[in-house]
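> turn this into a structure:
(2 chains)
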2 protein chains.
Amino acid sequence: MSYQNRQWYYVKRPEGRVSDEHYELRDSELDARLSANEVIIRARLISVDPYIRIQQAERNTYDVPHPLGIVQRAGVVGEVVASASALFKVGDAVAAYSGWQLYAKCHHSELTLLDPAQAPVSSALGVLGMPGRTAWFGLMEAGRPRPGDTLVVSGAAGAVGSLVAQFGKRAGCRVIGIAGGAAKCAFLTETLGLDGAVDYRAHPTLDGLRAAIEAATGGVDIYFDNVGGMITDAVIPLIKLRARIIICGAIAQYDGGLDAPELAPRFLQHMLFKRASIQGILARDYTHRMDEMIKTVAPWVRRGEIVSQETYVDGFEQLPAALNSLFEGKNLGKLLVRI
Amino acid sequence: MSYQNRQWYYVKRPEGRVSDEHYELRDSELDARLSANEVIIRARLISVDPYIRIQQAERNTYDVPHPLGIVQRAGVVGEVVASASALFKVGDAVAAYSGWQLYAKCHHSELTLLDPAQAPVSSALGVLGMPGRTAWFGLMEAGRPRPGDTLVVSGAAGAVGSLVAQFGKRAGCRVIGIAGGAAKCAFLTETLGLDGAVDYRAHPTLDGLRAAIEAATGGVDIYFDNVGGMITDAVIPLIKLRARIIICGAIAQYDGGLDAPELAPRFLQHMLFKRASIQGILARDYTHRMDEMIKTVAPWVRRGEIVSQETYVDGFEQLPAALNSLFEGKNLGKLLVRI
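Okay, the predicted model is just below:
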């Protein structure tokens, strides 16, 4: 017996924007025979994250580049369809890192059992998964929020940003989100209840954007940066004494700007004047503390106190286009491909 | 009775480089009469420091701008010539913040008594004063040096940099200094005993300078930055995992670049990839911990284990030119005007 599998292979390194030419869709058969402790899962939700694009850069990132000629790696929520493990039975919901494929044969140590009664299973790819961990530890450890602090979040309507903003509110901060377009800004103030929102698309010049952020904030104690580029150029001169800047992402630069950085105004004098700090953070550094985060955040999710906004794209064949859409700012909250 | 005083008034804000036109030399009489607890000091050494230029920027630094129309503020080592204080007697050596003037009438609370038997009095403006405090706490608190770390110091032949480099050696770091010119580089390796030196003047392009620093270091765990500009652009892409960058100065930008920053390559992605930190530091934040630093460092000074390099300029009338010379890189170690 076998499973009719479909897989997206990563076959060519992009220079700029990702498109279909960098991936190949291949059909194959997955042999259904299992060794001890192996499990076959059928993916239901595939996570599409900005870091995937970083790993496609040639060099000098946090990883060796994602190898060419293998299935694109990604986080997945799926369902057990066959099991030779005492820990998993057919029908169990699981989280895995099995990538862009319909079916995957996994060792049971690679899987995390999910309990749909505790939280929607998609949360394992969002608020209770990598984006949540990034938001929680990035803000709490590097941001050190205090009640009354003004927290500015770039990419505030995204998977990580929307959680940072909500965690900041719970910590007593005044939270101003930066996002692109009136709809996202309305989401920030109306749905998330933030104290303000700045639509960067309405301010195409650096000076204009800085003035708008200054008007909305009056100065910045914590800047949680998901995007880099001109938004960051605009925020940094507004930092207050002992400000904390958290570098979580630089999505504005992922389309080539990592290997060939653009020019921007120097700003390190502001770090000096304000005795401020910048800290780069990655989710992986907090993986071992996941339980600690879940203990605090899961009850909020269960009680419906956290908005876990998700954008769904339907269809396995949409994966490369969905990845690309991240860089066009089309998603609200966490982007998931449903298959 | 009175003292024939000379004072340099700060009268005009510079746009770029400081020169004579921004100062006025004025003669006056200082009334010798003293109220209770007042002391008159005759300055002998006047400190010339890069921060003086920062305080001349129009706005948005760590201070309100230095007021126009008053005596230029500066650290001073002098001698008590008249005293109505039980704490000071004529002939005592003292440190003060009395600025660019021959004589000053001070309240005794403004003075620190110096003991020439413990250390040369000039050290109160160097290794046991503000530059030493900056170097010590900047490196120890923000840099967190570990044995085996590679520490890179820009402005390494300067007042702060030469001390950072030596403190780093004592902490077990491999220390590479960056300075301008072969003579300064020889000072770094031969006199200070550093593990390497890079002459930035020998590498006029960014790529060439980065290659030279990479060859000398193999990667950077701690970067103590006194200069900013292209040297910093060259170092940052070379940081290693969890690197610490200390922003202590940006002397390359003080001639106008603070108000109108130049453009430089974006680099925050490196902070992300390496989970590195940047921390701006100022001497004033550690003033209350001066005793702690002196307790550790003064015995090293007394035993001659720290090279306290000084450059002397003779003549009170030379003060504006001496300040200017800082930005031409003419001094080795601490720059003092002897009057």
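> same for the helix or strand hosting residue A:5, what does it pack against?
Using DSSP states H and E, residue A:5 sits within strand A:2-10. With contacts defined as 3 or more Cβ pairs under 8 Å, 6 or more residues apart in numbering or on different chains; DSSP states H and E, the packing partners of strand A:2-10 are strand A:23-31, strand A:70-71. Glycine gets a C-beta too; all of them are placed from N, C-alpha and C.
> dump these to CSV, plus mean pLDDT, distance to residue B:200 and mean neighbour count.
Listed next are those as CSV, based on pLDDT from 0 to 100; distance: least, Cβ to Cβ, whole Å; neighbours: other Cβ atoms under 10 Å in any protein chain shown:
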stretch, mean pLDDT, distance to residue B:200, mean neighbour count
strand A:23-31, 97, 45, 14
strand A:70-71, 96, 43, 14
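> and chain B, which of the ones you listed is closest to it?
Taking Cβ to the nearest Cβ, strand A:70-71 is the member of the helices and strands packed on strand A:2-10 nearest to chain B, at 22.0 Å.
> now for the closest one, which elements pack on it?
Contact here means 3+ Cβ pairs under 8 Å, 6+ apart; on that basis strand A:70-71 packs against strand A:2-10.
> in the strand it packs on, which residues are buried?
Neighbour counts over strand A:2-10 (16 or more other Cβ atoms under 10 Å in any protein chain shown) mark A:3, A:5-10 as buried.
> for the stretch 201-339 of chain A, what spans make up the strands?
Secondary structure of the stretch 201-339 of chain A by DSSP state E, counting those that start in this stretch: the strands cover A:220-225, A:239-247, A:263-265, A:277-280, A:310-314, A:334-338.
> with mean neighbour count added, can I get the ones you listed in TSV?
Shown next, in TSV, are these (neighbours: other Cβ atoms under 10 Å in any protein chain shown):
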stretch	mean neighbour count
strand A:220-225	27
strand A:239-247	22
strand A:263-265	15
strand A:277-280	25
strand A:310-314	16
strand A:334-338	23
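> would you single out the least confident of those?
Of all those, the minimum mean pLDDT falls on strand A:263-265 (a mean of 93).
> can you tell if it touches chain B?
Yes - interface with chain B: strand A:263-265 contributes A:263-265 (Cβ under 8 Å from any Cβ of the partner chain).
> which neighbouring elements make contact with that strand?
helix A:229-235, strand B:263-265.
> pick the most deeply packed of those.
Mean neighbour count (mean count of other Cβ atoms under 10 Å in any protein chain shown) peaks for helix A:229-235 among those, with a mean of 22.
> quick one: contacts for the nearest residue to residue A:310 once chain neighbours are set aside?
Spatial nearest neighbour of residue A:310, chain neighbours left out: residue A:334 (4.9 Å); criterion: Cβ to Cβ, 6 or more residues apart in numbering or on different chains. By Cβ atoms under 8 Å, 6 or more residues apart in numbering or on different chains, residue A:334 lies in contact with A:47, A:122, A:125-126, A:131, A:159, A:308-311.
> the one residue in the stretch 1-150 of chain A that gets nearest to chain B: neighbouring residues, count only.
Of the residues in the stretch 1-150 of chain A, the one nearest chain B is residue A:62, at a distance of 4.2 Å by Cβ to the nearest Cβ. Neighbourhood size, residue A:62 [other Cβ atoms under 10 Å in any protein chain shown]: 18.
> where does chain A dip in pLDDT?
Low-confidence regions of chain A, defined by pLDDT under 70, span residues A:59-60.
> tell me the domain boundaries of it?
For chain A, the structural domains run A:2-126+A:308-338, A:130-284, going by automatic domain parsing.
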